[in-house]
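Trainee: test case, fold it:
(2 chains)
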Amino acid sequence: MNKDKLKKITGARLFLPIICLIAVLLINVIKTPDFFNISVRNGVLYGYIIDVINRASELVILAVGMTLVTAASGGQDISVGAVMAVAAAVCCQILSGGQASVTQYQNSIILAVVAALLAAALCGAFNGLLVARLHIQPMVATLILYTAGRGIAQLVTNGQITYIRVDSYKMAGGYIGKCPIPTPIFFAIATVVVVALILKKTALGLYVESVGINGKAARLVGLNSTMIKFLTYVICGVLAGIAGIVASSRIYSADANNIGLNLEMDAILAVALGGNFLGGGKFSLVGSVIGAYTIQALTTTLYAMNVKADQLPVYKAIVVIIIVTLQSEVFKKFIAGLKSKKASGAVAEGGQKA
Amino acid sequence: MKKKIMAAVMTAAMVAGLAGSTASVYAAEDTITVGFSQVGAESDWRTANTESMKTTFSEENGYELIFDDAQQKQENQLTAIRNFIQQEVDYILLAPVTETGWDTVLQEAKDAGIPVIIVDRMVDVSDDSLYTTWIGTDSLLEGRKAAEWLNAYATAKEIAPEDLHIVDIQGTIGSTAQIGRSQGLEEGVEKYGWDLLEQQSGEFTQAKGQEVMESMLKKYDNINVVYCENDNEAFGAIDAIESAGKTVGSDIANGEILVISFDTTNAGLTETLAGRIACDVECNPLHGPRAEALIKELEAGNEVEKLNYVDEEIFAADDAVASVTAVNSLDEEAEYAVTPITQEIIDGRAY
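Mentor: Numbering: from 1, shown residues only, chains lettered A, B, ... in the order given. Sure thing, here's the model as predicted:
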């Protein structure tokens, strides 16, 4: 009876991703006991855990988009980091009116944000067109913007870092008024909730999965699979745009070379850590979100443990290898095999005794 | 038949192309073609460096500059240099992203007979003759200047060396600036017995500087000196310090956190003027004129020095320290004046 319950829990899709996140956090209990302390300082929440949740926000937003793209097209959008830079560049450049550093908006913030999101959506639409319509492999199709995106962002900002030194611009990456919770967290939560609602309340979630599992069959039952794939790329683009604006708000500038640098790889990793199959089909949004927090928890943990900067990637790689191995089918089968061997061994032994 | 026509058309096009390119080479005989592979535009300093090169090697001055932005990737720089060799440029300027891994491509340039001038960061090659000369800043001297300034400042304010609790936000690990500036600080720690709490890389960016500082503030309560290896990291660190409810300034005794920075960008000096950065050591990005002087020497067939350091200043928020004595990379000791920053100085600077 109890065993069945245990099996149900351990067999659940999200079991391993959650265990991995907890494991990463547990390292801190031993190494840095004050990791979980949360206090209020200077009127805002203060603590490592807050840092993890705050710093992971952009990654969470990207991971949501990446999950949809992965599920529908069985491939990844590796241009999201560059699209972030494009959105940030467009947003800051409009706000600064072409100057390198301003202390006052030169144009309306709404115009800037809308233009930035449109630019990001356009990038997503371009990727979507190549993948859904022209059937180019996602990795190859998005490689174009991966390479060209930062160049475009540079072009927009004239190769300089555009600073927007206006307090209200710092809100998206900082705090709104007296609210003690960092604003990026709200962006992440809102994104997850809105996308989850859309997927649940409309049939889009189901459509995305069916297209991912078998595009042809989905088309034969009347789903416009081209359109659905295209849509996921546009959504992914827009989400990258939102992440780009948050990242740019954190440093109140558009740093075309560094905003979202290498974040596309982390986003893909988040999807994988979340227990999602990178070949498309069924997906779990929550899994990817957990994956994203796991990655940031790992980074913050390594900072807290005072790991030297040049060794940081090595430790990160080791943990990722362990997590991915734990979740792989082959490893699971191997463990299952061991268990059944043990079980049958026990049965045989029991038989002899009797 | 179709194939043959195609082939004919293509051959004709190629011949025309060749003719065209030889014509342009003749026309451009007295202009000097310079290929410049730049790291990227990761900071304001880099942008000023690029601008200096672009204005120096302009068409009016008789140059043709082929500029390539490598976006922080060495492989892009390798490709750029190979392209420069194919385009048969007269000189190659290289601002390397890291120190190692240049042997093969520089050998190719040498074989093609193109002089290579290394700009800013150094390259670590087995054979020195692979590059013609190097222009740049003495980052070890910069680090030592900052350390000497800190010592002089602490002495002036009567703060015991063991009461200086320092964190070092390093640059991109392996870059010349990081190695020199970290070493300058480490020597100071060794020499004066300061308390160096931690060194962590902020990768020369504001975002990382902020994230690393956030984490360090949680780990140590007693930080009173932040040694940022460039201005952008300092901006991030200052933001992190202020959002944690602490203040930046130079009054260590009353709990303020003292920020030392490098690069002296316009924004950096503005922060210095506001007293938020206590000391900003210059890292002069205006390499264009020096590079042009070297190229003129080489054009005249003269030998040039292997290492060329540009002059650099020290700016401070107040006049507590008048000058510091430091040793440069060539083991020459000299006294360097510390300039208290004013608005006029900021306005009068080119970057």
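
Trainee: could you use CA atoms for every contact and neighbour count after this?
Mentor: OK.

Trainee: A:Lys342: neighbour count?
Mentor: By the criterion of other C-alpha atoms under 10 Å in any protein chain shown, A:Lys342 has 12 neighbours.

Trainee: host element of it?
Mentor: Element membership of A:Lys342 [criterion: DSSP states H and E] is helix A:329-353.

Trainee: stretch A:154-163: how far from the chain's middle?
Mentor: Its chain's average C-alpha position is 26 Å from that of stretch A:154-163, according to C-alpha atoms, centre = their mean, to the nearest Å.

Trainee: and if you look at stretch B:184-197?
Mentor: Average the C-alpha atoms of stretch B:184-197, do the same for its chain, and the two points are 23 Å apart (C-alpha atoms, centre = their mean).

Trainee: and it, is it in reach of chain A?
Mentor: No - using C-alpha under 8 Å from any C-alpha of the partner chain, stretch B:184-197 stays clear of chain A, coming no nearer than 10.0 Å.

Trainee: what residues of that stretch count as buried?
Mentor: For stretch B:184-197, a neighbour-count test (16 or more other C-alpha atoms under 10 Å in any protein chain shown) marks B:184-189, B:194-197 as buried.

Trainee: tell me, how many residues neighbour the residue in chain A positioned nearest to chain B?
Mentor: In chain A, the residue that lies nearest chain B is A:Asn42 (4.6 Å; C-alpha to the nearest C-alpha). By the criterion of other C-alpha under 10 Å, A:Asn42 has 13 neighbours.

Trainee: what sits closest to A:Ala119 if chain neighbours are left out?
Mentor: Distances taken as C-alpha to C-alpha, 6 or more residues apart in numbering or on different chains place A:Ala87 nearest to A:Ala119, at 6.3 Å, with adjacent residues excluded.

Trainee: again with A:Gly128
Mentor: Distance criterion C-alpha to C-alpha, 6+ apart; nearest residue to A:Gly128, sequence neighbours excluded, is A:Phe230 at 4.3 Å.

Trainee: what's the spacing between the helix or strand containing that neighbour and its chain's center?
Mentor: A:Phe230 is part of helix A:225-250, with elements assigned from DSSP H and E. On the basis of C-alpha atoms, centre = their mean, helix A:225-250 sits 11 Å off its chain's mean C-alpha point.

Trainee: mind listing what whichever helix or strand comes after that helix pairs with, with the direction of each?
Mentor: Next in sequence after helix A:225-250, counting helices and strands by DSSP H and E, comes strand A:253-254. Partners of strand A:253-254 in the sheet, by DSSP bridges, are strand A:162-164 (antiparallel).

Trainee: give me the phi and psi for A:Val102.
Mentor: Phi and psi for A:Val102, reported as degrees, to the nearest 10, are phi -130, psi 150.

Trainee: how about the nearest residue to it, chain neighbours excluded?
Mentor: Closest to A:Val102 by C-alpha to C-alpha, 6+ apart is A:Ile164, at 5.3 Å.

Trainee: so, low pLDDT: which residues of the stretch 251-351 of chain B?
Mentor: In the prediction, the stretch 251-351 of chain B carries no residues with pLDDT under 70.

Trainee: give me every residue in the stretch 251-354 of chain A lying close to chain B.
Mentor: A:251, A:255, A:257-258, A:300, A:303-304, A:306, A:308-310.

Trainee: format these as CSV; extra columns: secondary structure.
Mentor: Conversion of those to CSV gives the following (DSSP: H, G, I helix; E, B strand; the rest coil):
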residue, secondary structure
A:Ile251, coil
A:Asp255, coil
A:Asn257, coil
A:Asn258, coil
A:Thr300, helix
A:Tyr303, helix
A:Ala304, helix
A:Asn306, coil
A:Lys308, coil
A:Ala309, helix
A:Asp310, helix
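
Trainee: top of those residues by neighbour count?
Mentor: The most neighbours of any of those, using other C-alpha under 10 Å, belong to A:Asp255, which has 32 neighbours.

Trainee: I'd like to know how far that one sits from A:Met84.
Mentor: Taking C-alpha to C-alpha, to the nearest Å as the measure, A:Asp255 falls 10 Å from A:Met84.

Trainee: swap in B:Lys246?
Mentor: In this view, B:Lys246 and A:Met84 are 31 Å apart by C-alpha to C-alpha.
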